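Novice: what's the 3D shape of this:
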Amino acid sequence: MEEHKISSGQLKSLIITANIGVGILSLPSSLADIMNNAGWIAIILGGLLTLPFVYIMNKLAEMYRGRIFFEYGKEVVGNILFKIISVVYLIYFVVLLAFVVRIFGEVIEAYLLQNTPIEVIMFTMLLATSYIGRSDIESLTRMTFLILPIIALITIFFVILSLPTLDLTNVLPAFRFNIKDVPKGIATVFFSYVGFEIILIALAYVEDSKSALKTSFLSIFYTTIIYLVTFFITLSQFGIHELKKQIWPSISIMREIEVPGFFIENLDGLVMAAWVLIVFATMGPLMYGGGIVLSSIFNTKKYNFFVIPIIPIVMIIALIPENVTQVYLNMELVVRILAVFSIIIAPTILLIISFLKRRKGA
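Specialist: As a prediction, this is how the structure comes out:
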């Protein structure tokens, strides 16, 4: 295992930036379509639903202190079975990376680089991200630690500039929803938190292991706040009916905001530039995770030389959908299925088996 340590602050930044990437763009409209004005309830419940699995991952890290999931997993369920599990994780990281970079390419092409082929945009981003993906965990978390304040500033900037044009009556009625729609709403939000499973690797390197669980929970809390703010701002700005029609309402708001006397005319370009950094911080851990999984499968000491070969595979998968609609309908469905296994099933099974083995050994 690498001889690197990360602070609690770096762990927090890693989880938040891994969570927030392309999901924040479409989440408000997706929730509005499912639960109307009461989408904020699904955001809170979805955030709470992630906590048990964050706890499970932290508990595993506590039981196998100083070892990553892909090291102790072989010991828990056996080498052959865990290789199969590792392959599923590899597919998950690759498909999720393809989903993120395809949405990234679509957004950049639509709002900034209309004449640039989407393939060029995606390949350039993957190539740039591979640099941090080939770095060690300490460098990776330092990068996210530097980008986290940008997320905070964007959120504050977003709120302040939106205030003059908001119609808070659009939020009402805030509690009107069909109880049958709640599970679907929670599921939609839950998968907007995907990315925090990087802690299966990162927790092994945390300096203050005693505060790791608290830090992990706080990271989910901060992510929930950002999602809530985004939902209420977009809902207040557009109203429920217009919000449902939007693909990426967060960006649409920035295109409509005008600040008299401001020296930058197109604020959406400024925000998009910052969003590129956020997506970079989301893709970096996925690249890193893919390299770690391949290293585990082939039993190599180094992982960084596996990162570059992932790029053409990601490109091929990312270009399969013909349009944005297919990306959200088909590719996102595959990501959700793989996420259920990677976030819920596999860590839970490993924790149960670990408890049973230790109890039997005692």
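Novice: nearest residue to K184 other than its sequence neighbours?
Specialist: Spatial nearest neighbour of K184, excluding adjacent residues (Cβ to Cβ, 6 or more residues apart in numbering): I34 at 5.4 Å. C-betas here are computed from N, CA, C, even on glycine.
Novice: the one you found touches P183, doesn't it?
Specialist: No. At 9.8 Å, I34 and P183 do not qualify as touching, with contact defined as Cβ atoms under 8 Å.
Novice: tell me who's in contact with the residue nearest to K184.
Specialist: With contacts defined as Cβ atoms under 8 Å, 6 or more residues apart in numbering, the neighbours of I34 are A42, D181, K184, G185, T188.
Novice: tell me how many other residues crowd N323.
Specialist: A count of nearby residues for N323, using other Cβ atoms under 10 Å, gives 9.
Novice: show me which positions of the helix or strand of the chain with the lowest mean pLDDT end up buried.
Specialist: Taking mean pLDDT, DSSP states H and E as the measure, the helix or strand of the chain with the lowest value is helix 249-256, at a mean of 73. If you call a residue buried by 16 or more other Cβ atoms under 10 Å, then helix 249-256 has these buried ones: P249, S250, I251, S252, I253, M254.
Novice: phi and psi next, for D167.
Specialist: phi -120, psi 100 (degrees, to the nearest 10).
Novice: not counting residues beside it along the chain, what's closest to it?
Specialist: Per Cβ to Cβ, 6+ apart, closest to D167 is S236, 5.9 Å.
Novice: returning to what we had before: which secondary structure elements does the least confident helix or strand of the chain contact?
Specialist: helix 23-35, helix 79-111, helix 137-162, helix 212-238, helix 267-297 (3 or more Cβ pairs under 8 Å, 6 or more residues apart in numbering; DSSP states H and E).
Novice: how distant is the third one from the center of its chain?
Specialist: The reference is to helix 137-162. From the chain centre to the centre of helix 137-162 is a distance of 14 Å (Cα atoms, centre = their mean, to the nearest Å).
Novice: quick one, what contacts W248?
Specialist: So W248 contacts L25, S26, S29, V107 (Cβ under 8 Å, 6+ apart).
Novice: ok, now G133?
Specialist: Per Cβ under 8 Å, 6+ apart, neighbours of G133: L140, M283, G284, L286, M287, Y288, G290, G291, V307.
Novice: just the buried residues of stretch 183-200, please?
Specialist: Here stretch 183-200 shows 184-200 as buried, counting by 16+ other Cβ under 10 Å.
Novice: do the same with stretch 280-295
Specialist: 280-295.
Novice: which among the residues you listed gets closest to I311?
Specialist: M287 (8.7 Å; Cβ to Cβ).
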